[in-house]
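> With the sequence up front, the predicted model follows.
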Amino acid sequence: EVQLVESGGGLVQAGGSLRLSCAASGFTFNDLDIGWFRQAPGKEREGVACISSSDGSSYYVDSVKGRFTISSDNAKNTAYLQMNSLKPEDTAVYYCAVDYLGCRGNIVSYLYWEDWGQGTQVTVSS
């Protein structure tokens, strides 16, 4: 059974940084694409970043390019999302997800990702 557990969320001032972690179990970690998504109140879930299991390529939504970095540590079965220069509009619940084909040239819609964590709240104050 695939299990994903996010951690690292919290309250931070604008301009600050957070690093989210996604601890995975129940599957061979580097067999699946990894994605980070977020959902703000009243808004649709959006893809933030993903990393491809096929070649390690990463992709980002335009609003976080240059500020967020996705990475993975296969030895620890853990993925990360380093978030710098945070803005109030980054406030949301952040989720990690895995799928076989979720990250192939872009971040595939959340509708197609197979397995999800429970989410971690990120709040950025102005």
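Now that the structure is in, tell me what you want to look at.
> where do the strands sit along the protein?
Secondary structure of the chain (DSSP state E): strands at 3-7, 10-13, 18-25, 33-39, 46-51, 58-60, 68-73, 78-83, 92-99, 115-116, 120-125.
> need those in CSV with mean pLDDT and distance to residue 105, can you?
Placement of C-beta: from N, CA and C, glycine included. Shown next, in CSV, are those (pLDDT from 0 to 100; distance: least, C-beta to C-beta, whole Å):
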stretch, mean pLDDT, distance to residue 105
strand 3-7, 97, 23
strand 10-13, 98, 32
strand 18-25, 97, 22
strand 33-39, 97, 11
strand 46-51, 97, 10
strand 58-60, 97, 7
strand 68-73, 96, 15
strand 78-83, 97, 19
strand 92-99, 97, 14
strand 115-116, 95, 21
strand 120-125, 98, 27
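> Indicate which one of those strands is closest to residue 107.
Nearest of the strands of the chain to residue 107, taken as C-beta to C-beta: strand 46-51 at 3.3 Å.
> can you give me the angle the closest one makes with strand 33-39?
If you take axes from the mean of the first three to the mean of the last three C-alpha atoms, to 10 degrees, strand 46-51 sits at 160 degrees to strand 33-39.
> Report the buried residues of strand 46-51.
Across strand 46-51, burial judged by 16 or more other C-beta atoms under 10 Å covers 47, 48, 49, 50, 51.
> Alright, calling it a day.
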